[in-house]
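> structure for this input, please:
(one chain, ligands or ions: 1)
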Amino acid sequence: MSANSVVEICDSTNDLCRALGEEGHPSGTWISARRQSAGRGRLGRSWVSQEGNLFLSYLFRPSHRDERVSWAPLAAGVALLTAAEACGAGRGLGLKWPNDLWRGEAKAGGILCEGVSGPKGLFIVIGIGANCASEPAALGIPVASLGVSVDALRPALVRELDHWLGVLDSEGPARIREAFLSRSVLAPGTEVTWQGRTGQVSGLGASGELQVLADDTGKVENLLAEDVSVRPRADRKASG
Ligand code: BTN
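So this is what the prediction gives:
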């Protein structure tokens, strides 16, 4: 396997990228595949998606061991949305915390970040899946496709990742916060549910965590990686 290339098939591009990181390849190295046979999603789920869609993993070596590390997934989400729009994905794209790409109320892409700490220091594998041509059937949630060519999206995405992770690394998270919030599906005030609980989004914390005002405790709580959904309107009326 060579760095910065597209392989025909692999288990998971995150595994290939991790191997490149362990060999000492620099920040900005990427690897992509036309198909994956054992793709992984967030929270232990699998990621099953067809040829014609994007599978890409990007190596990020943060220069600082501070809150910038935890903003990397959000920076990658901003990069994916920007690249998709530059490739003509059209209107209606948004970011659902922490880093899903949505079209309307359906998922069009997802990101799995895996941190690796080894003898050559900490690096983060940022794995990105995007529904360029078709919607994966197995996600169990509404899904959408972007209607863009994977071969156009790939270089645009790498350029945007270089840009946004460079901004994060050199300046800190302020511009990532601003860019993310300007396209966030979970804007402050949005009524949400998570783990059977309900509340209202109040903002993003210093490490990119989602802050919610919980209905049951009346307190602002920090969510780190939980699945959060917009609360259906009917559900809000029914429970007052
Ligand atoms: C999610 O929304 O659950 C995250 C999905 C991440 C999928 C991508 S596809 C490329 C990379 N390789 C993997 O095995 N997973 C990520």
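> against the ligand, how distant is the nearest residue to Gln200 once chain neighbours are set aside?
Excluding the flanking residues, the one nearest Gln200 by C-beta to C-beta, 6 or more residues apart in numbering is Leu213, at 4.9 Å. Heads up, the C-betas are built off the backbone N, CA and C, glycines and all. Look at Leu213 and the ligand: by C-beta to the nearest ligand atom, to the nearest Å, they are 26 Å apart.
> Gly189 too?
Counting by C-beta to the nearest ligand atom - Gly189 and the ligand are separated by 25 Å.
> what number of residues lie near that residue?
Gly189: 10 surrounding residues under other C-beta atoms under 10 Å.
> hang on, the earlier thing: my guess is the residue nearest to Gln200 contacts Arg197. True?
No: applying C-beta atoms under 8 Å as the test, Leu213 and Arg197 come out as separate, 11.2 Å apart.
> bridging residues for the residue nearest to Gln200?
Leu213 has the following beta-bridge partners by DSSP bridges: Gln200, Val220.
> which ones are touching it?
By C-beta atoms under 8 Å, 6 or more residues apart in numbering, Leu213 lies in contact with Gly199, Gln200, Ser202, Lys219, Val220.
> separation between the last one and Gly199?
Yep, that's Val220 we're talking about. Per C-beta to C-beta, to the nearest Å, Val220 is found 9 Å from Gly199.
> more neighbours: which of these two?
Gly199 (24 against 14).
> right, and the more buried one touches Val192 too?
Yes: if you go by C-beta under 8 Å, Gly199 and Val192 touch, sitting 6.2 Å apart.
> and Arg175, how many neighbours?
14.
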